[in-house]
Every structure is written in C-alpha cells, then in structure tokens.
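[1] sequence first, predicted model second:
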Amino acid sequence: TVSQIKSFQSQWLKLLYCIWRFPPFFFASLPAIIWFLIYPLLAFRKKEFLHLLGWIATPLCFQLFHQFKQPFYVYVAVYGLTSYFGAFFGVLLFHVQHGH
C-alpha cells in the first residue's frame, strides 16, 4: 500500500486513499455503500424489479404483521438498521476470513 500511495500524483488522492483505508471509516461505510447503493443499482440495471420491490415490501409486511401499530417509517428504519448491521458483520467476517 505504501507504493500505491506514493504512485498518486495528487495530494488529494493520497488523502482520500488514506481516509478510505482507515479501518473504522472503511468498515462503517462499505456495508452501506454495497447494500444501499450498489445492490439496488445493479438490480435496476439488470431489470430485477422484484428485488427492488422487496426493499419496499419487507417493511410493509412488518407493518401488516403488527397490524399498523407503528408508522411505516419505524419499520423502514428497523429494516434499514438490521440490513446495515447484517452487511457490516458480513463485510467484517469476509475480511477476517480472507485477511490471513
């Protein structure tokens, strides 16, 4: 990684690369980027609309199951947080397994 950093001409690229490689930032941001940005964009590009519908239907099914006791945004928040933490631990375990 030292040779990669030295190969950058711009100081801004060096700074961005160092920030991205900082473990707390990397492990906190990568799951959100993959799960909430890349996967939906790939599903949209491949025209997998059922996958995209699942992002909306899952919180709605939670709300129906609980007989509309909470507002819809509560279920969206719960689904988003559980998805994020699942992706977080998935990325973390992937790097633990493939790091040695």
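    Structure's in. What do you need? Numbers count the residues shown, from 1 in each chain.
[2] which parts of this structure are strands?
    Counting by DSSP state E, the chain has no strands at all.
[3] where does it have low pLDDT?
    The model of the chain has pLDDT under 70 over residues 1, 55, 100.
[4] select the longest helix from the chain.
    Counting by DSSP state H, the longest helix found in the chain is helix 72-98.
[5] centre of the chain to that helix, how far?
    Relative to its parent chain, helix 72-98 has a centroid offset of 7 Å by Cα atoms, centre = their mean, to the nearest Å.
[6] which strands and helices sit next to it?
    helix 23-33, helix 49-65 (3 or more Cβ pairs under 8 Å, 6 or more residues apart in numbering; DSSP states H and E). The C-beta positions use only the backbone N, C-alpha and C, and glycine is treated the same way.
[7] quick check: buried residues in that helix?
    Buried residues in helix 72-98, defined by neighbour count with 16 or more other Cβ atoms under 10 Å: 75-76, 79-80, 83, 87-88, 91.
[8] contacts only, for the closest residue to Q70 other than its chain neighbours.
    The shortest distance from Q70 to any non-neighbouring residue, by Cβ to Cβ, 6 or more residues apart in numbering, is to Q63 (7.0 Å). Listed by Cβ atoms under 8 Å, 6 or more residues apart in numbering, the contact partners of Q63 are 70, 72, 75.
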